[in-house]
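> sequence plus predicted model, see below.
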Amino acid sequence: MKSIIMPKLGFTMTESTIVQWLKQEGDAVTQGEPIAEITTDKVNMEVEAPEDGILAGFKFHEGDTVPVTEVIAYVLKPGESLPKETGRLGSRDDGRPTTRSQAPATSSQPPAATPIAARMATELGIDLTSVKGSGPAGRITREDITAFVEALPSNPSVSAPVGNGRVRATPNARRLARKADVDLVNVTGTGPNGRVQGDDVRAAVETVTSAIPIVNSQLAMVNPPRSLPYTGMRKTIGTRLQHSYQQVPHITLDMDVDTSGAEALRARANASLKAGATKIGLTAIITKACAWALQRHPLLNSQLDEAAGVITLLDEINIGIAVALENGLIVPVIHQANTKGIGQIAADISDLSARAKANKLKAHDIQGGTFSISNLGMFGVDRFTAIINPPETAILAVGASKPTFVADANGQPVLRPMLTLRLSADHRVIDGAVAAQFLADVRAAIESPALMTL
């Protein structure tokens, strides 16, 4: 028997929410096969089966928030059985505790049902005694509940509000309603048999917002102010960066860089690419330049444990690339960037960015960063200050490359593509001279990429 635990994806992570079970209890699974989708304050990811076997002993419903390292299910080998105490109270997304039991139905108990079927029945107000189970030993499955719901037009046993006034609604709709302080009773559901969906709640919020009365016509605005929830990823980013900015003494250095050499390399490399290969961008060259410079200046690739009084020089050079999402920022990591060519780095950046925007990153993709790069040049930003991403020691902010007149060796004005690099470093670990030497090496590598082959 193998326990499946809620993974811990970072130093500050304490819990995750189960978005959906991708497999059902009793399903055969193979090692590495996705069995559940979870969401954290950073990213959605899949939990994989740790070994081959039969999936059993679900301990949480979809929508439950679970502490990290908590057992959420088991994989059984032939002949194995679940531990005696596998049930527990699980928090429902409507705030009510629910119990799970593996015991068969008796005269005083409802019929046995899978966790997903039980959740669906509770939310839809379905009496499980009226549902015929098709699973092992008559157990009620998700398909049985779905079939029962599809027959509802001729089945008067389920009405719109259920029992004590609860409204049929999806877990996502309930979460949105709680955040927006919306009473689901006042929301018209567009789902099957009037079930309230997430879009229904959003529409209700928009309706309420647009109906806000204007007290002073002189202050009338075309678009009334809206409130956005400060939760999840947005709150985590704010908390971490506030702590970093307040607790870490940042030292910042600027350096202008002529990208002529990097652009020439990029043009030659892209011209020789095979069809379908990833184009090399400037960010890939800058990433490689940073990896090369970090080898020469290991203090920039370190972590400080102030409590222990230790600065650890890290063996691996893993460079995080900040990616903007609709609801925040995430920093997937190019692992061992110093061992990879520019073409491979470009392919990694393209793959990680695409999967980040599609919520398809895995735990490994966002762990282990030792240095970060934030490039806002594509947005036309000339220069900016990036905040260090703890527990790292430094971060590089990259501005836009623009044609600029500069003086050549003879003092004559020439037009060159120039950009500004701004390094933010932890002054507890890095002195100004060390930071300047590192930044000078990054500039040298970008201006003369052949240096990185020496």
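Received it, and whenever you're ready, just let me know what you need. Residues are numbered from 1 along each chain as shown.

> may I have the phi/psi pair for the spatially closest residue to residue 14 that is not a sequence neighbour?
Leaving aside its sequence neighbours, residue 14 sits nearest to residue 68 (CB to CB, 6 or more residues apart in numbering; 6.1 Å). Using the backbone N, CA and C atoms, a C-beta is placed for each residue, glycine as well. In terms of degrees, to the nearest 10, the main-chain angles of residue 68 are phi -60, psi 150.

> how near is residue 68 to residue 6?
As judged by CB to CB, to the nearest Å, residue 68 and residue 6 stand 5 Å apart.

> and for those two, which residues touch both?
Both residue 68 and residue 6 are contacted by 15-16, under the criterion CB atoms under 8 Å, 6 or more residues apart in numbering.

> residues contacting the nearest residue to residue 406 once chain neighbours are set aside?
With sequence-adjacent residues excluded and distances taken as CB to CB, 6+ apart, residue 406 is closest to residue 416, at 5.3 Å. By CB under 8 Å, 6+ apart, residue 416 lies in contact with 258, 260, 403-406.

> and the protein, what are its domains?
166-219, 232-453 (automatic domain parsing).

> closest to residue 1 out of these?
Evaluated with CB to CB, the domains of the chain place domain 232-453 nearest to residue 1, the distance being 23.0 Å.

> which of the helices or strands spans residue 446?
helix 432-447 (DSSP states H and E).

> no no, residue 253
Judged by DSSP H and E, residue 253 forms part of strand 250-258.

> which residues are contacting the next helix-or-strand element following that strand?
Sequence-wise, the next helix or strand downstream of strand 250-258 (DSSP H and E) is helix 260-271. Defining contact as CB under 8 Å, 6+ apart, one finds that helix 260-271 is touched by 279-282, 285-286, 342-343, 401, 416-417, 446-449.

> just the buried subset of these, written out for ChimeraX, thanks.
ChimeraX command restricting these to the buried ones, with burial defined by 16 or more other CB atoms under 10 Å:
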select :280,281,282,285,286,342,343,401,416,417,446,447,449
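
> nearest to residue 147 among the contacts of helix 260-271?
Relative to residue 147, and with distances defined as CB to CB, the nearest of those is residue 279, at 50.1 Å.

> picking up where we left off before, farthest-apart pair in the contacts of helix 260-271, please.
343 and 416 (25.5 Å).

> hang on, the earlier thing: from the contacts of residue 416, which single one is nearest residue 396?
Residue 396 lies nearest to residue 258 out of the contacts of residue 416, by CB to CB, at 16.9 Å.

> what's around that closest one, how many residues?
Counted with other CB atoms under 10 Å, the neighbours of residue 258 add up to 19.

> next one: residue 358
Residue 358, neighbours per other CB under 10 Å, totals 9.

> ok, the one 4 residues further on next?
Residue 362: 16 surrounding residues under other CB under 10 Å.

> so what's it up against?
By CB under 8 Å, 6+ apart, the neighbours of residue 362 are 45-46.

> now do 6 Å
residue 45 (CB atoms under 6 Å, 6 or more residues apart in numbering).

> ranges for the strands of the stretch 151-300 of the chain?
Secondary structure of the stretch 151-300 of the chain by DSSP state E, counting those that start in this stretch: the strands cover 161-162, 166-167, 250-258.

> would you single out the least confident of the ones you listed?
The minimum mean pLDDT among the strands of the stretch 151-300 of the chain belongs to strand 161-162 (a mean of 39).

> relative to helix 260-271, how tilted is the helix holding residue 446?
Counting by axes from the mean of the first three to the mean of the last three CA atoms, to 10 degrees, helix 432-447 points 40 degrees away from the direction of helix 260-271.

> same for helix 432-447, what does it pack against?
strand 250-258, helix 282-296, strand 413-426 (3 or more CB pairs under 6 Å, 6 or more residues apart in numbering; DSSP states H and E).

> now do it: distance to the chain's middle.
Its chain's C-alpha centre and that of helix 432-447 lie 32 Å apart, by CA atoms, centre = their mean, to the nearest Å.

> how about it, which residues are buried there?
Across helix 432-447, burial judged by 16+ other CB under 10 Å covers 435-436, 438-439, 441-447.

> tell me which of the residues you listed is nearest to residue 168?
residue 442 (57.6 Å).

> can you find the helix or strand in this protein with the smallest mean pLDDT?
Here the helix or strand of the chain ranked lowest by mean pLDDT, DSSP states H and E is strand 97-99, holding a mean of 37.

> the nearest residue to residue 141 once chain neighbours are set aside: neighbouring residues, count only.
Nearest residue to residue 141 in three dimensions, chain neighbours excluded: residue 135, at 4.6 Å (CB to CB, 6+ apart). A total of 18 residues lie near residue 135 under the criterion other CB under 10 Å.

> for residue 135, give its distance to residue 272.
58 Å.

> got it, and residue 445?
21 Å.

> which positions within the one helix or strand residue 324 maps to qualify as buried?
Using DSSP H and E, residue 324 maps to strand 323-325. Going by neighbour count (16+ other CB under 10 Å), the buried part of strand 323-325 is residue 323.
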